[in-house]
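[1] Predicted coordinates and the sequence they were generated for:
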Amino acid sequence: MHYSFEIEGQALLATLEGELDLHTSPEFKEEIITIFETHPQIKYLIINVQGMSFIDSSGLGVILGRYRELQTRGGKLFFVQANPQIKRILQLSGFQKISEFANSANEVLERI
Amino acid sequence: MESTNWIKLEFPSDTRNVAFARTALALFAAQLDWTLDELEDIKVAVSEAVSNSIIHGYQLQEGIVHVHASHSNQILKITIEDFGQGIADIEQATETGYSSIPEERMGLGFTFMYEYMDEVQVISEVNVGTKVTMFKRVGHPESHGTN
């Protein structure tokens, strides 16, 4: 699992690659929580999942936790470049109701 | 007629073994003629069951997870068993959104197992352990698309 973060104004761009599961999610969770805590201006989380090959409920739980934080900040969650398999699990877990899908981070940045 | 084949795995409740288990099971399952989506479904179901054994069965403490998989006549059967604390109320535990540790978990583990496999059976006894058996048939109409 590899991930990187970039901050653009009020948006946090997270790029995830590999597999986010019970083993890999705690470290990602710790880092993204720290970024949220140290950057109170963040209202939008844009997650690029193009390179993500696997996610299960452990990984989704971490993202849901950040969504709850975004809600308290009046913000929004976006998924960028989700392949059909990732899109399917996001839909099944209810994320399509609480987030938006986009083709690129730039598209989201122009929209927000 | 196709012959039956099976594998048996045992590993400690180390979170690194979640990826090992789903990858090993997907390789075994690939002996049957699945679509790529179906193989991904099997990986998610195995990941959830093994994660449950580690988190809930063994409470992230030491324990051994047993996995048995077999296929016969185009039906894959996977059994994941732990000898941990067991589930007091299976009906509640398998409800969508229920988690015994809600601040950390989404309560979707069993939902994914039920969605991605054709049949899921759960047998559990408090302080004895939990055994989850999942079946998936090649070409099953419910195994293919999204809802």
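    Structure received. Residues are numbered from 1 along each chain as shown, chains lettered A, B, ... in the order given.

[2] Every contact and neighbour count from this point should use C-alpha atoms.
    OK.

[3] and the most centrally placed residue in chain A, bridged to which residues?
    With distances taken as Cα atoms, centre = their mean, the residue of chain A nearest its centroid is A:Ile47 (3.6 Å). With DSSP bridges as the criterion, A:Ile47 is bridged to A:Ala14, A:Phe79.

[4] how many neighbours does B:Ile90 have?
    The number of residues packed near B:Ile90 is 14, by other Cα atoms under 10 Å in any protein chain shown.

[5] go on, B:Gln31?
    12.

[6] do the same with A:Thr38
    10.

[7] Can I get the helix or strand of chain B with the lowest mean pLDDT in CSV? Just the C-alpha atoms.
    Ranking every helix and strand in chain B by mean pLDDT, DSSP states H and E puts helix B:90-93 at the bottom, with a mean of 91. Output in CSV follows, covering the C-alpha atoms of helix B:90-93 (Å, rounded to 0.1, in the frame of the first residue of the first chain):
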residue,chain,number,x,y,z
ILE,B,90,-25.4,-14.2,15.2
GLU,B,91,-28.5,-12.5,13.9
GLN,B,92,-27.4,-9.1,15.3
ALA,B,93,-23.7,-9.7,14.2
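
[8] Around chain A, which positions in chain B sit nearby?
    B:15-16, B:18-19, B:37, B:40, B:44, B:47-48, B:51, B:104-109, B:146 (Cα under 8 Å from any Cα of the partner chain).

[9] try it again with 10 Å
    Residues of chain B found near chain A (Cα under 10 Å from any Cα of the partner chain) are B:14-19, B:36-38, B:40-41, B:43-48, B:50-52, B:54-55, B:96-97, B:102-112, B:115-116, B:145-147.

[10] Smallest gap between chain B and chain A, at which residue?
    B:Thr15 (4.9 Å; Cα to the nearest Cα).

[11] separation between that residue and B:Gln59?
    B:Thr15 sits 12 Å away from B:Gln59, going by Cα to Cα, to the nearest Å.

[12] go on, B:Tyr98?
    Going from B:Tyr98 to B:Gln59 by Cα to Cα gives 17 Å.

[13] and those two? which has more neighbours close in?
    The residue with more neighbours, out of B:Tyr98 and B:Gln59, is B:Tyr98; 17 against 14, by other Cα under 10 Å.

[14] distance between stretch B:24-38 and the chain's centre?
    Offset of stretch B:24-38 from its chain centre (Cα atoms, centre = their mean, to the nearest Å): 14 Å.

[15] Next, the buried residues of that stretch.
    B:Ala24, B:Leu25, B:Ala26, B:Phe28, B:Ala29, B:Leu32, B:Trp34, B:Asp37, B:Glu38 (16 or more other Cα atoms under 10 Å in any protein chain shown).

[16] Using PDB, write down the CA coordinates of that stretch.
    Output of stretch B:24-38 as PDB, limited to C-alpha atoms (Å, rounded to 0.1, in the frame of the first residue of the first chain):
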ATOM      1  CA  ALA B  24      -4.100 -17.800  -1.800                       C
ATOM      2  CA  LEU B  25      -7.900 -18.500  -1.900                       C
ATOM      3  CA  ALA B  26      -8.200 -16.500  -5.100                       C
ATOM      4  CA  LEU B  27      -5.400 -18.600  -6.700                       C
ATOM      5  CA  PHE B  28      -7.100 -21.800  -5.600                       C
ATOM      6  CA  ALA B  29     -10.600 -20.500  -6.800                       C
ATOM      7  CA  ALA B  30      -9.100 -19.600 -10.200                       C
ATOM      8  CA  GLN B  31      -9.000 -23.300 -11.000                       C
ATOM      9  CA  LEU B  32     -12.700 -22.800 -11.800                       C
ATOM     10  CA  ASP B  33     -13.900 -20.600 -14.600                       C
ATOM     11  CA  TRP B  34     -14.800 -17.300 -12.900                       C
ATOM     12  CA  THR B  35     -15.000 -13.800 -14.300                       C
ATOM     13  CA  LEU B  36     -12.400 -11.400 -13.000                       C
ATOM     14  CA  ASP B  37     -15.200  -9.600 -11.000                       C
ATOM     15  CA  GLU B  38     -16.200 -12.900  -9.400                       C
END
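
[17] Please consider this matter closed, and thank you.
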